[in-house]
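Peer 1: attaching a predicted model along with its sequence, questions to come.
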Amino acid sequence: MAEALRRAAQLLGSARRVVVLTGAGISAESGVPTFRDDLTGLWARFDAQQLATAEAFHADPDLVWGWYEWRRARVSRAEPNPGHRAIAAIQTRVPDSTVITQNVDDLHERAGTRAPIHLHGSLFAPRCIAAAGHPATFEDISESEPGQPDEGGRVAPPQCTSCSALVRPGVVWFGEALPQAALTAAVEAAADCDVLLTVGTSGVVYPAAEIPGIAARSGAAVIQVNPQPTPLDRVCAINLRGTAAQVLPALVAAAWEETDEG
Ligand code: BJW
């Protein structure tokens, strides 16, 4: 690990364009459950097909909206961890860097990252189901309600005040297109970077999972931070097996200590 960290730090410290791609693992140490990890994963307790699809929302809007309200409340109480802060520090050190996240939380922003690209939308940007991309105008009563939504509790979604249609979570469900501008910007950044750092993603959900391969085929060094092996291992020049909050601060410290000394 020490030698792999040193090599990764050399690559990062000398890069002029860096892309960081994150998944649920970056927020795990902030107390936000991942999707697929045993025991802690959100989908160990809930059936994804039951909750994270447009079909599920149409079949049972209260159940699905309640699940997202529970997650929104949980994320609001969470704080960025040292991994999020190390990524913000990379952006400070390398101004021409891009942070791409599959996460629907706002922990990168709260750690100081400028304009992360959200490939899968946001828990904080609900929209009206009537028209794609139409932001919802609705009275958000959840902040004024006593208590927090329960895990698995049902909450009726609000209605759009301008057209009366139901309001839905502003996230990308399976079978839905990713926001085109976000995906284009992510692919362009990956094709034009020196180093791509992939952190805390299982690499099984497409098209996000293609992004490290795009960078590798364009000549970038791909570095992965994940305690577990993933299908992305084969496109990675370096695999750092550890958690984001442990590995990333050490990587950033080593990257710029070496550059400053050299
Ligand atoms: C740590 C750690 C620590 C733990 N530190 N690490 C090509 C091939 C096959 C299938 C497809 C394909 N292209 C498209 C598809 C279909 C589908 C897909 O990918 N299916 C596969 C699952 C088979 N993709 C889609 O449907 C996408 N849409 C699409 O392609 O549309 C096409 C279209 C075009 C035009 C018109 C219409 C359609 C949409 C995908 C949307 C994904 N949405 C979700 C839910 C978002 C809402 C919500 O939050 O509820 O996004 S699914 C879920 O998975 C969520 C995540 O962003 C995403 C990725 O998960 P992630 O982040 O990797 O988390 P985990 O839990 O899987 O992994 C955590 C990792 O962290 C693990 O590796 C741990 O080891 C690690 N870890 N602790 C560091 N402390």
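Peer 2: Structure received.
Peer 1: tally of neighbours for Ala177?
Peer 2: Number of residues near Ala177 (other CB atoms under 10 Å) recorded here: 9. Every residue, glycine included, has its C-beta placed from N, CA and C.
Peer 1: give me the number of residues near Phe174?
Peer 2: Counted with other CB under 10 Å, Phe174 comes out at 11.
Peer 1: what stretches of the protein score poorly on pLDDT?
Peer 2: Flagging of the chain using pLDDT under 70 yields the residue ranges 49-50, 131-133, 138-152, 258-262.
Peer 1: enumerate the residues of it near the ligand.
Peer 2: Residues of the chain lying near the ligand by CB under 6 Å from any ligand atom: 23-25, 28-29, 34-37, 41, 52, 102, 104, 120, 171-177, 200-202, 204-207, 225-228, 230, 243-244.
Peer 1: in which helix or strand does the spatially most central residue of the chain reside?
Peer 2: Nearest to the mean C-alpha position of the chain, by CA atoms, centre = their mean, lies Asn103 at 2.4 Å. Element membership of Asn103 [criterion: DSSP states H and E] is none; it lies in no helix or strand.
Peer 1: thought Gly121 was touching it, still the case?
Peer 2: No. Contact between Asn103 and Gly121 fails when scored by CB atoms under 8 Å: they sit 9.8 Å apart.
Peer 1: now the residue nearest to Gln224 when sequence neighbours are not counted: how far from Arg7?
Peer 2: Excluding its sequence neighbours, the residue lying closest to Gln224 (CB to CB, 6 or more residues apart in numbering) is Cys236, at 4.4 Å. Separation of Cys236 from Arg7 (CB to CB, to the nearest Å) stands at 12 Å.
Peer 1: when these two are compared, which one has more neighbours?
Peer 2: Neighbours of Cys236 and Arg7, each counted by other CB under 10 Å, are more numerous for Cys236; the result is 21 against 15.
Peer 1: got a list of what that one touches?
Peer 2: Neighbouring residues of Cys236 by CB atoms under 8 Å, 6 or more residues apart in numbering: Thr198, Pro212, Ala216, Val222, Ile223, Gln224.
Peer 1: which residue ranges of the stretch 101-250 of the chain form strands?
Peer 2: All strands of the stretch 101-250 of the chain, identified by DSSP state E, counting those that start in this stretch, fall at 117-118, 121-128, 167-171, 195-199, 221-225, 238-240.
Peer 1: sheet partners, orientation included, of the fourth one?
Peer 2: Using DSSP bridges, the strands paired with strand 195-199 in its sheet are strand 18-22 (parallel), strand 221-225 (parallel).
Peer 1: show me the contact partners of that strand.
Peer 2: For strand 195-199, the external contacting residues (CB under 8 Å, 6+ apart) are 11-12, 15, 17-23, 25-26, 83, 87, 90, 190, 211-212, 215-216, 220-226, 232, 236, 244, 248.
Peer 1: which stretch among the strands paired with strand 195-199 comes nearest Cys128?
Peer 2: Nearest of the strands paired with strand 195-199 to Cys128, taken as CB to CB: strand 18-22 at 28.4 Å.
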